[in-house]
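Visitor: With the sequence up front, the predicted model follows.
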Amino acid sequence: MKIDRKTLLGTALAIFAATVWLYWPCVRGGFLMRMDDDEYLQESIRWNGLTWDGVKWAFTTTEPYYHPLPRLSHLLDYQLWGKDPAGHHATSVVVHALNAALLFGFLWTLLGRAELTDGERLLTASGVAAVFAIHPFQTESVAWMSGRTQLMCTAFGIGCLWAYVTGARRWMVWALYVGALLCKPMAVAFPVVMLAIDYFPLRRHEKGGWAPLVREKAALLGLAAVGAAGTIITESRPGGLSIRADALPFVERVWLTFQSLAFYPCRLACPVHLSPFYPLPREPFDPWMIVLPVVGVAAATGLIVRLRRETPAAMAGWAAYVVLILPVSGLAQTGQAAVSQRYAYVGMVPLLLLAGGAIVWAWRRSATVAQWGLAGLVACELVVFGLQTSRLIPVWHDDETLWRTAVAEFPDSVVANNAMVLVCVAHNRMDEALQYAQRYAELMPQLCDSHNNLGFVLAAMGRTTEAMKEYEQALQLNPDYAEGHNNLANTLMQVGKVQEAMQHYGAALRIRPRYVDAHLGMGWALTVVGKRDEAVQQYKQALELKPDLPIASNALARLQAGR
């Protein structure tokens with residue numbers, strides 16, 4: 001069976017179109033303002049889209065890590081679509097569809113070195129690309145605007161691997177790899193993935209050994225080391241994403257790594273009980289929760305290494321999967337999530353290839369009736385994945401749909417309960433917010449943020465005395481808690497204690513000079529005591545930090561008009 005270019009192009013276009021069709025409902029979603037979308041949107045507003053100042057910002061800021069190309073894409077989206085989330089989401093849908101088509105092309109080329117007929121090669125490449133496109137795991141990266149880092153890193157990463165397999169010029173491989181690194185630090189894994197490809201199906205190590213293969217990738221490995229070191233430094237700063245070593249001991253990090261390596265294959269095969277957020281486990285740990293992933297991963301790795309001569313594909317696929325997951329596993333724990341679906345966005349590809357190889361092996365050894373049964377099973381699996389994805393897309397519609405789903409799956413999640421407090425407050429549902437705030441405080445009584453949130457809800461309900469007690473307790477736990485100082489000051493202003501309020505606004509600004517709410521509060525207090533010129537300066541500073549701020553604009557206009 002000879003496969004011509006028209007067939008390949010038609011297959012790639014079909015995968016692209018079907019992916020766009022499946023994920024197009026994402027354009028009806030909004031921005032997830034408590035999940036990083038707010039930062040990208042506000043910075044785009046601040047720089048007025050893709051301007052020269054915006055480009056300089058994208059290439060110079062390192063918070064929380066260096067990823068200038070996705071930042072540029074958000075600036076461009078704002079230039080084209082403004083604050084309309086539909087255009088921003090449409091871009092993500094198209095990039096994901098492009099990734100699926102690119103993956104098909106890459107796999108078609110890669111599998112040309114495997115012992116497959118053209119028909120098997122086409123079906124494996126298209127099948128893996130189709131599952132990659134529609135699997136429920138991908139919903140997070142596509143439906144969440146901030147998942148753009150994952151999408152763009154994968155686009156450059158697949159392009160880099162494809163160029164490497166085709167034997168393209170070295171500068172092209174390097175350029176594409178640098179593009180991937182400028183999108184997300186997880187790209188540090190791609191040079192090692194190249195070595196896995198060298199092992200199988202290219203088998204390049206059989207001619208000259210491993211030393212020449214490592215030397216030819218020395219520049220890429222060096223870039224990966226620089227990228228990894230830079231990310232560790234930026235994310236380890238105060239306020240960064242990395243969790244301190246004393247907050248998460250090494251033993252727990254190792255266990256979380258094994259849990260990550262076990263979680264993704266299991267959920268990849270059976271995507272049930274998927275949640276937009278998976279909290280870090282709280283002590284005491286269930287012994288089986290520790291033993292099962294460690295034993296499972298160790299047993300699988302040992303078996304694959306032992307059978308590496310008979311099944312080199314399994315060795316290469318498992319190695320590629322491990323190195324793609326390690327940068328986003330508990331070993332380099334960032335944030336409060338134990339695992340995240342987006343971390344398997346490209347990491348699932350080696351596992352899908354192994355599954356595709358297993359299906360080809362079974363197909364060759366099956367009778368005709370069994371082959372039809374196998375084909376039907378695969379078709380049903382694709383339908384189930386597509387339906388699951390369609391069901392999950394609305395979960396990412398807004399902050400409330402996301403966190404309500406997370407709380408339903410993990411009722412004792414500290415992060416999810418805290419998020420629901422903020423969501424309910426934003427919708428002025430204070431009685432419901434109070435329930436979540438009280439639950440948050442019960443779960444984490446030693447955390448200043450839990451008392452601060454409870455105080456905020458109580459203050460909004462008019463229970464100022466109780467609110468001030470909660471704020472004071474938060475500040476006892478952490479005297480350098482800027483938000484606690486700011487909220488206590490707001491409550492003091494409500495009861496007429498302006499001088500005390502100014503002291504706490506000042507404390508908040510000393511701790512966090514770029515704290516917009518504290519600048520607003522200080523402006524309010526200065527206005528009350530008649531220091532109008534100083535109040536004007538506070539409102540101006542707030543607008544410099546957050547230009548799209550009607551409260552500051554209106555207050556500033558009133559003060560300037562009254563001069």
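Guide: Arrived safely, thanks for sending.
Visitor: Same question for stretch 36-47: list its buried residues.
Guide: Across stretch 36-47, burial judged by 16 or more other Cβ atoms under 10 Å covers D36, D37, Y40, L41, Q42, E43, S44, I45, W47. In this view, the C-beta of every residue, glycine as well, is placed from N, C-alpha and C.
Visitor: Compile those residues into TSV and extend it with columns for secondary structure.
Guide: Rendered in TSV, the data for the buried residues of stretch 36-47 read as follows (DSSP: H, G, I helix; E, B strand; the rest coil):
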residue	secondary structure
D36	coil
D37	helix
Y40	helix
L41	helix
Q42	helix
E43	helix
S44	helix
I45	helix
W47	helix
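Visitor: In contact with the closest residue to Y66 other than its chain neighbours, which residues?
Guide: The shortest distance from Y66 to any non-neighbouring residue, by Cβ to Cβ, 6 or more residues apart in numbering, is to G230 (6.2 Å). By Cβ atoms under 8 Å, 6 or more residues apart in numbering, the contact list for G230 reads T62, Y65, Y66, P185.
Visitor: Can you select the buried ones from those residues in PyMOL?
Guide: Restricted to buried positions by 16+ other Cβ under 10 Å, the PyMOL selection for the contacts of G230 reads:
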select buried, resi 65+66+185
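Visitor: and of the contacts of G230, the nearest to T124?
Guide: P185 (30.6 Å; Cβ to Cβ).
Visitor: Hmm, that closest one is touching L326, no?
Guide: No - contact criterion Cβ atoms under 8 Å: P185 and L326 do not qualify, at 11.9 Å.
Visitor: distance between the ends of stretch 79-90?
Guide: 14 Å (Cα to Cα, to the nearest Å).
Visitor: in the stretch 251-400 of the chain, which segments are predicted with low confidence?
Guide: For the stretch 251-400 of the chain, the stretches flagged by pLDDT under 70 are 283-288, 333.
Visitor: can you pull out the strands in it?
Guide: 278-279, 337-339 (DSSP state E, counting those that start in this stretch).
Visitor: Kindly reformat the ones you listed as TSV and extend each row with mean neighbour count.
Guide: Below are the strands of the stretch 251-400 of the chain laid out as TSV (neighbours: other Cβ atoms under 10 Å):
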stretch	mean neighbour count
strand 278-279	18
strand 337-339	20
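Visitor: Between these, which one is closest to A269.
Guide: Evaluated over those, closeness to A269 peaks at strand 337-339, with 15.3 Å, by Cβ to Cβ.
Visitor: Quick one: distance of that closest one to the chain centre.
Guide: Distance, stretch centre to chain centre, for strand 337-339: 11 Å (Cα atoms, centre = their mean, to the nearest Å).
Visitor: and it, which strands flank it?
Guide: Take DSSP bridges as the rule and strand 337-339 pairs in its sheet with strand 278-279 (antiparallel).
Visitor: Give me the contact list for the strand it pairs with.
Guide: Residues from elsewhere that reach strand 278-279 (Cβ under 8 Å, 6+ apart): Q336, A337, A338, V339, S340, F410, S413, V414, V415, A416.
Visitor: Give me the nearest residue to E400, chain neighbours excluded.
Guide: In space, and not counting its chain neighbours, E400 is closest to V423: 4.8 Å by Cβ to Cβ, 6+ apart.
Visitor: Is that neighbour in contact with D399, as I believe?
Guide: Yes - contact criterion Cβ under 8 Å: V423 and D399 qualify, at 5.1 Å.
Visitor: joint contacts of the two?
Guide: With Cβ under 8 Å, 6+ apart as the test, V423 and D399 both reach R34.
Visitor: and G356, how many neighbours does it have?
Guide: As a burial measure, G356 scores 23 neighbours (other Cβ atoms under 10 Å).
Visitor: Oops, could you answer that again for G484 instead?
Guide: For G484, using other Cβ under 10 Å, the count is 29.
Visitor: low-scoring pLDDT stretches of the stretch 101-250 of the chain, where are they?
Guide: For the stretch 101-250 of the chain, the stretches with pLDDT under 70 are 237-248.
Visitor: residue ranges of the helices in it, please?
Guide: 118-134, 139-143, 148-166, 170-181, 190-199, 205-208, 211-216, 218-235, 250-269 (DSSP state H, counting those that start in this stretch).
Visitor: Quick check: D38 vs C266, distance?
Guide: D38 sits 33 Å away from C266, going by Cβ to Cβ, to the nearest Å.
Visitor: wouldn't A129 be in contact with W108 here?
Guide: No - the criterion here is Cβ under 8 Å, and A129 misses it with W108 at 9.1 Å.
Visitor: Neighbour count: those two, which is higher?
Guide: When neighbours are counted by other Cβ under 10 Å, A129 and W108 differ, and A129 comes out ahead with 27 against 21.
Visitor: Which residue, other than its chain neighbours, is closest to the more buried one?
Guide: Per Cβ to Cβ, 6+ apart, closest to A129 is F104, 3.8 Å.
Visitor: dump the residue contacts of that neighbour.
Guide: T11, A12, I15, A125, S126, A129 are the contacts of F104 under Cβ under 8 Å, 6+ apart.
Visitor: could you list every residue that touches the last one?
Guide: Translated: A129. So A129 contacts I15, A100, A101, L103, F104, L107 (Cβ under 8 Å, 6+ apart).
Visitor: repeat that with 7 Å
Guide: I15, A100, L103, F104, L107 (Cβ atoms under 7 Å, 6 or more residues apart in numbering).
Visitor: Ok, L98 next?
Guide: F16, A155.
Visitor: What distance do you get for it to F104?
Guide: On the measure of Cβ to Cβ, L98 and F104 end up 11 Å apart.
Visitor: Please apply the same query to N428.
Guide: Computed as Cβ to Cβ, the N428 to F104 distance reads 49 Å.
Visitor: pretty sure H74 is in contact with D38, am I right?
Guide: No - the criterion here is Cβ atoms under 7 Å, and H74 misses it with D38 at 11.6 Å.
Visitor: quick check, nearest of the contacts of G230 to T301?
Guide: Nearest to T301, judged by Cβ to Cβ, of the contacts of G230 is P185 at 24.6 Å.
Visitor: isn't the closest one right up against I232?
Guide: No - taking Cβ under 7 Å as the definition, P185 is not a contact partner of I232, at 9.0 Å.
Visitor: ok, and what's touching stretch 551-558?
Guide: L520, G523, V536, Y539, K540, A542, L543.
Visitor: Does R439 touch N417 like I think?
Guide: Yes - in this structure, R439 is within contact of N417 by Cβ under 7 Å, at 5.1 Å.
Visitor: Report the contact partners of the nearest residue to K184 once chain neighbours are set aside.
Guide: Spatial nearest neighbour of K184, chain neighbours left out: C153 (3.8 Å); criterion: Cβ to Cβ, 6+ apart. Taking Cβ under 7 Å, 6+ apart, we find C153 in contact with A180, C183, K184, M186, A187.
Visitor: quick one: C153 from T368, how far?
Guide: 43 Å.
Visitor: One more: D548?
Guide: 65 Å.
Visitor: Counting neighbours around each, name which of these two comes out higher.
Guide: Neighbours were counted for D548 and for T368 using other Cβ under 10 Å; D548 has more, 13 against 7.
Visitor: On the three-state scheme, the more buried one is what?
Guide: Applying three-state DSSP: D548 is coil.
Visitor: Repeat that for L50.
Guide: Under the three-state scheme (three-state DSSP), L50 adopts coil.
Visitor: Just to check, it is in contact with L76?
Guide: Yes - under the criterion of Cβ under 7 Å, L50 lies in contact with L76, with a separation of 4.9 Å.
Visitor: more neighbours, these two?
Guide: L50 (18 against 15).
Visitor: Enumerate every residue touching the more buried one.
Guide: L50 makes contact with L72, L75, L76, Q79, according to Cβ under 7 Å, 6+ apart.
Visitor: What about the contacts of strand 278-279, which one has the most neighbours?
Guide: Result: A416 is most packed of the contacts of strand 278-279 (other Cβ under 10 Å), 26 neighbours.
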